[in-house]
Each structure stands twice: as structure tokens, then as C-alpha cells.
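>>> Got a sequence here, can you build the structure:
(2 chains)
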Amino acid sequence: MKIIVCVKQVPDTNEVRIDPVKGTLIRDGVPSILNPDDGNALEAALQIKDADPDTEVAVLTMGPPQAAHMLRECLAMGADTAYLLSDRVFGGADTCATSTTLAAGIRKAGGADLIFAGRQAIDGDTAQVGPQVAQRLGISVVTYVQKSHLEKGKAVVQRQLEDGYEVIEVETPCLLTAVKELNSPRYMSVGGIVDACGKEITVWDHNAVGLDPSDCGLNASPTQVFRSFTPPPKGKGEMLGGNVQEMCSTLVSRLREKHYI
Amino acid sequence: MAVNIVKEKCRGCSICVKNCPFEAITMENKLAVIGSACTGCGVCVDKCPFKAIEKTEQEKKTEDLSRYQGVWVFAEQREGKIMPVVAELLGEGRRLANEVGCELCAVLCGFGVEALAEELFAFGADKVYLAEHRELENYRTDAYTKVINDAIEAYRPEIVLLGATHIGRDLGPCLAVKAGTGLTADCTRLEIDPEDKKLRQTRPAFGGNLMATIICPNHRPQMSTVRPGVMKKAPYEKGRRGEVIRLEVNFREGDIRTRVLETVKNIKERVSLTDAEIIVSGGMGLGKPEGFELLKLLADKLGGIIAASRAAVDAGWIDHAYQVGQTGTTVKPKIYIACGISGAIQHVAGMQDSERIIAINTNENAPIFEVADYGIVGDLYQVIPALIEELDK
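Got it, this is the predicted structure:
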């Protein structure tokens, strides 16, 4: 059985702060990490490998050369092989173009019986790339997977909904996108780190995966960023003073004055 | 649109490197170089003091876009009930349709749901495209994608809006690939460019730290998913009429590759954070799950409901359905009372549009006070009982 896990290196947006005076992003010292949902996707694949050691787990990403660090982490967690799609022409890709490149990478890697991806990446929060890769490969997809179980020729999964979940049976090969409720990603093991150092990371450019530059990156992106801006900071509110009773009394009278209560 | 460095003007000051939200710029031989992580956001263009960064538009030959007309709204139904976000999409869709000067239509899929068309007309739809089939009773990716994509090919809408629900965020990306167009996720603002009538889609990016306005200039339809609870609901006009257009639905063996075996509801009483006018929300500062009982007393007193930060949900104190924030629900009540919530950016992104924000926290430096209209530094276990007492007066 072969499993491919699509992963992404992202800046840790939890660490990002806004400069309260300038209203700009403070990005100094923000670390790059494996996207959290992708950690759950990888863990799901590794658990299948734990139960059946004949399973091969490959990780695949599109990104700049530095993304190799994250792939090395994935190898240290237990993945067998790693592929990095890296090329200047992949730059500026929206989800549509990204899915084309990832799908080409998956084909080049020989396809898979099962593909996992994280539900969404914390730097974009679109949740679009997973289902779009599945569409490009012509396989079925289940998003928001919080529990999964493999059977012969199919997977039985729980798909999270806002107020519960659905139990879905899906034919394999298929692509499943993982939410954090699916599992707890393991840490890298010492042995894993040692093994990871000896493993090669395969790097592919557009030629290697048989894509024309017009099918990649900005050129192949229907959506474009028209402009970006930091949301205007809100005016400073009022800090209430006095003891607890006084503060509560002021608050209630302020709200009553303005007819909020 | 591509961002390029004008080498002759670049002085190597590296201001752009520090300001790039995506770490896409590096310095090589004292010149800025744009790397493959560039998303074309253009933040660096304004930051460069030497006007050495340019953003260029790419002209492309494309098909005749004027063949695409009308604003479509995906009328998501579950168990025969229209989802609340649909009325919001119709409200927003009406405004867009008026500005473009076209019709507002709804696409309704299900089984035995024709009666719902009346509701969609009442919320402002001029036409309802109706697909009814046993296989469409529950949402399934393959079935809904096929039927709606066939309708898009046949009727060519200019704009397609979906709610950013767990269903809309599954269907949208699949439809966009099938239709060969772009999709902008989780929009919080939609506008029509007054000059060329194209759709401008604004969404939070980067954990809510950055807003990006996205366009889809050369492909149709222009597609967006819209966050529930953000747009204003369409007014309900009882008895308003419209036209029902039945879509032909045929499935072949192998078209639908999933089966829904069971649907399970987690919570009996549905938490409707998006509809609440008053929300009392708790975070790590509660210290224990029982803290929510105290918040409930205050919420009941005010006629509101309780909610939670991600930290409190992750601690296992309360169900995920109560979570407000980037990965939870976006809310904009009249009053939002944040109790023991530090105010991480992800949380603030989900509640900053509340009309009045009240923060109660022991740490006077907590970031929550930066978005609060009224701040109380103190122990919530003293403040809330005092507040309840004050409200009784």
C-alpha cells in the first residue's frame, strides 16, 4: 500500500503580532513550521504504516528550497520518502494552480492508494487545495475527516459537520483531508532523526513533472491579489477604574445610556 | 499580477524583506530578489522608499466574458431546511446583482424540496434552478458537483456565491476546478468595481493579520465562499414570486463514489452563535470547566448565550461548537463580553466586529484590551457576580 501525504511549510501565525502603533505585521523571529493540520494528515498515514509495515508513506510539498527542512522533520517522524516541488515558475500560485502542480507531482511519484492532506493551512485558511488536487486526479474526496478506518477497496470515515458528523464510505483511491480531532501527531524520534539525515529529498522542477510554465504559478492562477492591507486598528477603548462594584456600576450605566441593554 | 524589482532603483535597504508577510524576498548582492513564495500581494510595493518595486498586470487573451450573466447563490439545505447563511448570501447577492444590473438566482439541490423555492423567492431570488433526485437528498461531493457544474455550463452565471460552511467549503473548490475558474475562500466583503463591473472579494489572510482583496479578472464565473454571520440577511417579502427552472438530473454508474451511512448530531441544543445578540465568552482565565456555569448565569441575565476561546475548547472544558475565532465561528453580536480571554489574534479575528466589546481580565496588558470598548482589570469570579448584582438593581 502506498500513501502520499501533501504537506506545507507555513509561518507560525500564532506567533505573529501587530505593531499597535504602525498597524503592521511584526514578523521578526516568527518560525516556519509544518502546517498543523498536515501533521494530523501525516500521523494518520503513519498509523496505517504502524499496523501494516509494508505500507510506504511519502510526503510531498510545493515550496521554496527551505521547505526541505520541514520535509526532513516529516522523515524524522517516520515518512519513507520526500518530494519537494520547487521552481521559480511555481511562485504566485493560487489554490487552482497549486493543485495542478501537486497533482503532477503525485502522478510523477507513481500515484497512491490513499492521499492525505491537512484540511487547511494556517497562512491561507482556504481549505481548497485538498479537494482541488482530488478533482485534478479524478479521484473521490472527503474533507474534514475526524476519524478514518481502511477496509478492502474502501475507507469508512467520519466527516465533521458544524453540529455533528456524517459517517461516509468512500472508494479508494481517494483523498482525505484531516482535521485536528483525527489524532495527535507524534514527535520525531531520535532514531528517526538519525535515519532522516541519511535520506534523500527528491527535488522536482516544472520539467521534471511534465508541466509547461504556462500551467504553473501566477500564469495559471485565475485569482489575483488586487491589493493587501492591514485592517485599520480600532480606537482605544475605555479602561474602567475604581473597585469591582464601581467598575461594574460604570459599565452597566454606559451600556444603558447607549441602549445596549 | 506579478511583483518585480527594478534593479536600477533598488538600494538594498532590505525594508521590503522585513515587511513581506510571506518571507518571499531575500537580499542577494545588495539587491532584493523576489522568491517563489511570492503571492503577488503587493505589500512591498508601498513599503519601498525608492519605488523600486513594481506590480504589473498581465494581459491575457480570453474568451468572451460577456456571455456570462447573473448572480447565483447556492441554496444549501440540510434535512429540508434552508441554511441561515443562504438568506445572507441572497441579501449580498441582491446588492451585487443591482450594481451589475442582472438577475439574482438560487440553485437548490435535494429531494422533495420544491416548496423551499417559495422561501428563496421571498428572500429576493428572481429564479430558482431546482435539481431534485433521490441521490441529492443528502449533500455528497460528487453528486452536487456534477449537477451544479452542468448547470453552470448550461446557464453561464457571472458570479457564484456559496456559504463557507463545511459543505460550501467542500463543494466550492471542486466546482471551481470543474468549471476551470478561480475561487476566493471565506470572503468578508464583496464589491463591484464601478468601472469594469468585476467582483472584488476581500478576505482575511495570514490568521486575520492581513486583508487581501482578490479579483478573478479573466475567468468566469467569479466564485466566492462567504463566511456565515458576516453579511446582512435579505429582507423577507412574503408572497414574492419567481420562476422555477427544473434541471435535468442523470447519474451514471460510478458518478457518485461515496455513500453516507449515518448522520450524527453532537449537541441537542444547537448553538447559534451567529444569531446571538449578546455573547458571554470564556477563555483560559476561567481556570476550570465549571467557570462556564457562572458565565451562563450572566448570559441568562442578559438574554444572551455563552461561547469560548479556542484555548478553553482545546482544554476540553466546552464543545467546539461554542468556539469563536478564526477556526471557530465569526460573531458580531451587539455585546461581546470576553472573560479571561487573552485576545490571541485568531480569537480577535472572529469577534472584532461586535458592536460593543467588554473585556474582563486579570492581566492589564492582555491584548484583548486593545480591541475592547470597555476594559475591567480584575478577577472574573469577583467581577461577574458584582455585574449580575448591578444588573438586578
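>>> residues touching residue B:322, list them.
Contacts for residue B:322 were tallied using Cβ atoms under 8 Å, 6 or more residues apart in numbering or on different chains; they are B:271, B:273, B:306-308, B:313, B:328. (Glycine included, C-beta is placed from N, CA and C.)
>>> Could you find the closest non-adjacent residue to residue A:255?
The shortest distance from residue A:255 to any non-neighbouring residue, by Cβ to Cβ, 6 or more residues apart in numbering or on different chains, is to residue A:261 (4.8 Å).
>>> do the same with residue B:87
residue B:233 (4.4 Å).
>>> what's around the one you found, how many residues?
16 (other Cβ atoms under 10 Å in any protein chain shown).
>>> Can you tell me how far it is from residue B:90?
Look at residue B:233 and residue B:90: by Cβ to Cβ, to the nearest Å, they are 8 Å apart.
>>> wouldn't the residue nearest to residue A:255 be in contact with residue B:302 here?
Yes: using Cβ atoms under 8 Å, residue A:261 is in contact with residue B:302, at 6.5 Å.
>>> Give me the common contacts of the two.
Joint contacts of residue A:261 and residue B:302 (Cβ under 8 Å, 6+ apart) are B:335, B:391.
>>> neighbour-wise, which of those two wins?
residue B:302 (21 against 16).
>>> Quick check, the more buried one in contact with residue B:295.
No: using Cβ under 8 Å, residue B:302 is not in contact with residue B:295, being 10.7 Å away.
>>> who touches both of those two?
residue B:280.
>>> buried residues in the longest helix seen in chain A?
Criterion DSSP state H: the longest helix present in chain A is helix A:36-51. Judged by neighbour count (16 or more other Cβ atoms under 10 Å in any protein chain shown), helix A:36-51 contains these buried residues: A:36-46, A:48-49.
>>> Just send the residues you listed back as TSV, with pLDDT and distance to residue B:344 too.
As requested, these are exported to TSV (pLDDT from 0 to 100; distance: Cβ to Cβ, whole Å):
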residue	pLDDT	distance to residue B:344
A:36	94	14
A:37	96	18
A:38	98	21
A:39	97	20
A:40	97	21
A:41	98	24
A:42	98	25
A:43	98	24
A:44	98	27
A:45	98	30
A:46	98	30
A:48	97	34
A:49	97	35
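>>> shared neighbours of residue B:233 and residue B:90, anything?
Common neighbours of residue B:233 and residue B:90 (Cβ under 8 Å, 6+ apart) are residue B:123.
>>> hang on, the earlier thing: tell me the one among the buried residues of helix A:36-51 nearest to residue B:39.
Using Cβ to Cβ, residue A:38 comes nearest to residue B:39 of the buried residues of helix A:36-51, at 18.8 Å.
>>> wait, what's in contact with the nearest residue to the closest one once chain neighbours are set aside?
Nearest non-adjacent residue to residue A:38, counting by Cβ to Cβ, 6+ apart: residue A:118, 3.8 Å away. With contact taken as Cβ under 8 Å, 6+ apart, residue A:118 is in contact with A:6-8, A:35-41, A:130, A:177-178.
>>> What ranges does the stretch 101-250 of chain A have for its helices?
A:129-137, A:190-198, A:244-257 (DSSP state H, counting those that start in this stretch).
>>> Looking at the stretch 1-150 of chain B, which residue is nearest chain A?
residue B:36 (3.6 Å; Cβ to the nearest Cβ).
>>> can I assume residue A:255 is in contact with residue B:335?
Yes: applying Cβ under 8 Å, one finds residue A:255 in contact with residue B:335, separated by 7.1 Å.
>>> Common neighbours of those two, please.
Common neighbours of residue A:255 and residue B:335 (Cβ under 8 Å, 6+ apart) are A:261, B:356.
>>> what number of residues lie near residue 240?
Just so you know, I chose chain A. 19.
>>> Wait, chain B was what I had in mind.
15.
>>> Give the full set of residues in contact with it.
Per Cβ under 8 Å, 6+ apart, neighbours of residue B:240: B:121-122, B:124.
>>> Please flag which of those sit within helices.
B:121-122.
>>> Show me how to select, in ChimeraX, the buried members of the contacts of residue B:240.
Buried residues among the contacts of residue B:240 (16+ other Cβ under 10 Å), as a ChimeraX selection:
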select /B:121,122,124
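>>> Count the residues that sit near residue 151.
In the absence of a named chain, this looks at chain A. 9.
>>> The intended chain is chain B.
Neighbours around residue B:151, by other Cβ under 10 Å: 21.
>>> and what of residue B:22?
What residue B:22 shows, counting by other Cβ under 10 Å, is a neighbour count of 22.
>>> Excluding covalently adjacent residues, which one is nearest to it?
That would be residue B:37: by Cβ to Cβ, 6+ apart, it lies 4.9 Å from residue B:22.
>>> pretty sure the one you found is in a strand, no?
No: using DSSP: H, G, I helix; E, B strand; the rest coil, the assignment for residue B:37 is coil, not a strand.
>>> residues in contact with it?
A:63-64, A:91, B:22-24.
>>> Next: residue B:360.
B:337-340, B:376, B:378, B:380, B:383-384 are the contacts of residue B:360 under Cβ under 8 Å, 6+ apart.
>>> Could you measure from the closest residue to residue A:203 other than its chain neighbours over to residue A:201?
Distances taken as Cβ to Cβ, 6+ apart put residue A:84 closest to residue A:203, at 4.8 Å, once the chain neighbours are dropped. Per Cβ to Cβ, residue A:84 is found 6 Å from residue A:201.
>>> Can you mark which positions in the host helix or strand of residue B:143 are buried?
According to DSSP states H and E, residue B:143 maps onto helix B:141-155. Under the neighbour-count criterion of 16+ other Cβ under 10 Å, helix B:141-155 has B:141-152, B:155 buried.
>>> Remind me what it packs against, helices and strands.
With contacts taken as 3 or more Cβ pairs under 8 Å, 6 or more residues apart in numbering or on different chains; DSSP states H and E, helix B:141-155 sits against strand A:140-151, strand B:104-110, strand B:127-132, helix B:168-179.
>>> tell me the mean pLDDT for it?
For helix B:141-155, the mean pLDDT works out to 97.
>>> how about the CA coordinates for it, as PDB?
C-alpha atoms of helix B:141-155 as PDB (Å, rounded to 0.1, in the frame of the first residue of the first chain):
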ATOM      1  CA  THR B 141     -19.400  16.000  -3.200                       C
ATOM      2  CA  ASP B 142     -19.600  14.000  -6.400                       C
ATOM      3  CA  ALA B 143     -23.400  14.400  -6.900                       C
ATOM      4  CA  TYR B 144     -23.700  18.100  -6.100                       C
ATOM      5  CA  THR B 145     -20.500  19.000  -8.100                       C
ATOM      6  CA  LYS B 146     -21.800  17.200 -11.200                       C
ATOM      7  CA  VAL B 147     -25.300  18.700 -11.100                       C
ATOM      8  CA  ILE B 148     -24.300  22.300 -10.300                       C
ATOM      9  CA  ASN B 149     -21.400  22.200 -12.800                       C
ATOM     10  CA  ASP B 150     -23.700  21.000 -15.500                       C
ATOM     11  CA  ALA B 151     -26.000  24.000 -14.700                       C
ATOM     12  CA  ILE B 152     -23.100  26.400 -14.700                       C
ATOM     13  CA  GLU B 153     -22.100  25.200 -18.200                       C
ATOM     14  CA  ALA B 154     -25.700  25.400 -19.400                       C
ATOM     15  CA  TYR B 155     -26.700  28.800 -18.000                       C
END
